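Undergrad: requesting a structural model of the entry that follows:
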Amino acid sequence: MLIFTAGWLVFNGWREFNATMSLFPQNSRWGKVDVSGLHVDEARQRVAAYYLAPLEIHYGENVMIIPAEETGFQLDFEGENQKEKEKIISSFWAFLWNGTQSGVEWEVEFSLDEKKLRRFLQAEIAARYDIPASLSLPIAGSSRFTIPTAGRSLDIENSLIGFRRILEAPDQRLVELVIHQNPPEPVDAAILKAVLIDELKQAAFNGIAEIYLSRLKDEEIIHFAVQNGQEVPFNIAFSAASTIKIPILLSALMEVNSPFPDDLINQAERMMVYSENPPADRIMETYIGSTLAPLQVTENLQKAGFQNTFLAGYFYLGAPLLQRFETEANQRSDINLAPDVYNQTTAGDMGLLLEEIYHCAQEGKGRLAETFPEQITPEKCFFIIEMMKRNRIGVLAQAGLPEGTAFAHKHGWSEESDGFLHTISDVGIVFGPQSDYVMVIFLYDPVQLLFEPANALMAKLSQRIFNAWNPDYQVEWAFGNIRYR
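TA: Have a look, this model is predicted:
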C-alpha cells in the first residue's frame, strides 16, 4: 500500500511537472539572458536576439549597421536538447518535494569565426572604404610633380580585438575599426631617375653625368651614370677638384679638440666658403703635419672604407706627386676620363661620405664615428656641415633650390692640362622642408664643358630633385633652352 501511494504521488507530480517542463522556471538564465517563464523555443529566440543583435561598425566617420552573423558571430544550439532534458529531469525531484521548479543556469555556445570575419572586413569594408595614397608623378612640360595625397587602410588584425571583446560582453555592439593613415607616396625612385635622365637628353648633353642621391630619412638611394643619353655602369673616377676639401677638413679636425683654434676656423672658411687652395695647403701643413699630409687624408678615407677617393699632393703649383693611386674606379677599361692624378673621387664615395657626416652630426653614429671613435665627434661633423652651409654661390645645384634652403655643399671645377674645363661637380646635403637628402652631381665633357649651359643643366637637375622630395614646397624657374653640341 505504501508503495502504491508513493507511486501515485510520483505519477501525479510528474504529470504536473510535465505540464510546465517546457517552460523555464523563475530565476532562470540562459547565458546573460533572463529566460524565466519562457518556452524553450521562445528562450532561444530571445538568446539569439541578444547575442546576434546587429553591430554598429565605425570606419572613421562612416557608420554601418551589420548583422552579427555576417561578421562571423554564431550561436550553437545543436546538442542542447539532451542537456535540456537532463537539466529538467534532474530538477523534477526538487519540484516533487518542494512543489516548485528551481531556476536553471544554461551556458551559451557563442563563438566568432575569425576567418569569416577577415573575409568580410576585406571584401566589404576595406574594399569599399580604403583609399590608397596617391603617387606623385611628373607634370609634362614642367619641372614640377603632382602633389600626392594621403591614404588610409583598414588594419584588420588590430580591428579583430574589438570584435573579440563582444564575446565577453555581448551587450557591447559598437566596434571602432582601426585605420592606418598612410602618408603620401613620394616620387618613385625609378620615375625620378627616368625624369633626370630625360632632363639630360633634353639638354642634349653628350658627355658623362653621374648622379648619387640619398633621401636620409628612409635611406632611399638613386645612383646612376649616363653617357650620351644612355645609362652606363656607375662609380666612374672623376677629378675631385675642390670637393676633396671636405675630407681635408675632416682629417684636420681629427687632430684637434674643441674649442677649435681660431686659425683653423679662419682657414676653413677660406677653403670651404671661398674655395681658395692655399688655405687647404696651410691646414694640412699646420694641423695634419709634414709633407705627407695629403697621404694621411687618403689613409683616413681608406680606413673608413672610401677606396676610390684620394689626395696625392698639395694644391700649390708644382707640388710633387707623392704617390700614384690605382683604384677600382680609375682602373676601369670601359670608361676612363683621365682624371687628375693628384685627386680623384667617385659620386658614390662622395655621397656616402656626406651621409656619414650627416649621421655623425645628427646621431653621433655611423662609419666615421665607429672607425675613429676618439677623433671624430658629432661636434666636429656639425662644424663641417655648418661651414659648408655658408658656401652660398648661387649657381650650379644651389641655383635650383628655393631661396633660403639650407645647402651644405662643396662645388668643384678646374681647368685641366689642355687649358679647358672638362669636369664640374657639386656635392652636398640639402636640408629641405620635407626631406633632408644628399645630392651629388658630376658632369664631364671630353671636348670642353661650357660653364653656362652646364650651370643651367645642374640647376635644372637640382630643381627636379627638390620638387620630387619636397612636393608641398615645389618651385619652378625658367632656365632657357639649354642645348649641348
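Undergrad: mind checking the SS state of the most centrally placed residue in the chain?
TA: Most central in the chain under Cα atoms, centre = their mean is Asp218, positioned 4.5 Å from the mean C-alpha point. Under DSSP: H, G, I helix; E, B strand; the rest coil, the three-state class of Asp218 is coil.
Undergrad: before we move on, what about Ala126?
TA: Ala126 - assigned by three-state DSSP - is helix.
Undergrad: got the contact list for it?
TA: 153-154, 156 (Cβ atoms under 8 Å, 6 or more residues apart in numbering). Quick note: C-beta positions are derived from backbone N, CA and C, even for glycine.
Undergrad: what stretches of the stretch 51-200 of the chain score poorly on pLDDT?
TA: 79-101 (pLDDT under 70).
Undergrad: so for the residue nearest to the centre of the chain, what's the pLDDT?
TA: pLDDT for Asp218: 89.
Undergrad: scan the contacts of Ala126 and report the most crowded one.
TA: Leu154 (21 neighbours; other Cβ atoms under 10 Å).
Undergrad: quick one: contacts for that residue?
TA: Leu154 neighbours (Cβ under 8 Å, 6+ apart): 59, 121-122, 125-126, 129-130, 177-180.
Undergrad: quick one: the nearest residue to it once chain neighbours are set aside from Asn62, how far?
TA: Spatial nearest neighbour of Leu154, chain neighbours left out: Ala126 (4.2 Å); criterion: Cβ to Cβ, 6 or more residues apart in numbering. Ala126 sits 12 Å away from Asn62, going by Cβ to Cβ, to the nearest Å.
Undergrad: tell me what the helix or strand where Arg464 lies is packed against?
TA: For Arg464, the host element (DSSP states H and E) is helix 451-469. Identification of packing neighbours for helix 451-469 by 3 or more Cβ pairs under 8 Å, 6 or more residues apart in numbering; DSSP states H and E yields helix 189-202, strand 208-215, strand 421-431, strand 436-444.
Undergrad: parallel or antiparallel, list what pairs with the second one.
TA: Each strand that strand 208-215 pairs with, and the sense of that pairing, follows from DSSP bridges: strand 220-227 (antiparallel), strand 436-444 (antiparallel).
Undergrad: what is the neighbour count of the nearest residue to Pro433 once chain neighbours are set aside?
TA: The shortest distance from Pro433 to any non-neighbouring residue, by Cβ to Cβ, 6+ apart, is to Tyr473 (4.9 Å). For Tyr473, the count of nearby residues is 14 (other Cβ under 10 Å).
Undergrad: the one 4 residues further on too?
TA: The tally of other residues near Trp477 (other Cβ under 10 Å) stands at 11.
Undergrad: ok so it is a helix residue?
TA: No. With three-state DSSP as the criterion, Trp477 is assigned coil and is not in a helix.
Undergrad: distance-wise, check it relative to Pro186.
TA: From Trp477 to Pro186 the distance is 22 Å (Cβ to Cβ).
Undergrad: follow-up on the earlier one: and the strands paired with strand 208-215, which is most packed in?
TA: Stretch with highest mean neighbour count among the strands paired with strand 208-215: strand 436-444 (a mean of 25; mean count of other Cβ atoms under 10 Å).
Undergrad: and the angle from that one to helix 189-202?
TA: 30 degrees (axes from the mean of the first three to the mean of the last three Cα atoms, to 10 degrees).
Undergrad: could you give the angle of strand 436-444 to strand 421-431?
TA: Taking the same axes, to 10 degrees, one finds that strand 436-444 is oriented at 180 degrees with respect to strand 421-431.
Undergrad: quick one: distance of strand 436-444 to the chain centre.
TA: Here the centre of strand 436-444 is set off from its chain's centre by 21 Å, with Cα atoms, centre = their mean, to the nearest Å.
Undergrad: on that earlier part again, looking at the contacts of Ala126, which one is closest to Ser28?
TA: Among those, Ile156 lies closest to Ser28 (Cβ to Cβ), at 39.1 Å.
Undergrad: how about the closest one: what's its closest non-neighbour residue?
TA: Counting by Cβ to Cβ, 6+ apart, Leu121 is the residue found nearest to Ile156 once chain neighbours are left out, at 5.1 Å.
Undergrad: surely the one you found and Glu157 touch.
TA: No. The pair Leu121 and Glu157 fails to qualify as a contact (Cβ atoms under 8 Å) at a distance of 9.9 Å.
Undergrad: which of those two has more neighbours?
TA: Each of Leu121 and Glu157 has its neighbours counted (other Cβ under 10 Å); Leu121 has more, 23 against 11.
Undergrad: ok, now which ones touch the more buried one?
TA: If you count contacts by Cβ under 8 Å, 6+ apart, Leu121 has them with 154, 156, 159, 177.
Undergrad: of those, which is the nearest to Ala280?
TA: So of these, ranked by how close each gets to Ala280 (Cβ to Cβ), first place is Leu154, at 58.6 Å.
Undergrad: need the helices for the stretch 1-150 of the chain, in chain order.
TA: 2-20, 40-51, 80-90, 92-98, 114-120, 127-129 (DSSP state H, counting those that start in this stretch).
Undergrad: ok, the stretch 251-400 of the chain next?
TA: 262-272, 278-283, 293-303, 347-363, 367-371, 378-389.
Undergrad: give me whichever of the ones you listed is most buried.
TA: Scoring the helices of the stretch 251-400 of the chain by mean count of other Cβ under 10 Å, the most buried comes out as helix 347-363, with a mean of 23.
Undergrad: Phe110 bridge partners, please.
TA: Beta-bridge partners of Phe110, as defined by DSSP bridges: Leu75.
Undergrad: residues near it, how many?
TA: 20.
Undergrad: any idea how far Glu157 is from the nearest residue to Ser111 once chain neighbours are set aside?
TA: Among residues not flanking Ser111 along the chain, Gln74 sits closest, at 5.7 Å (Cβ to Cβ, 6+ apart). Relative to Glu157, Gln74 is positioned 21 Å away (Cβ to Cβ).
Undergrad: try Tyr212
TA: 39 Å.
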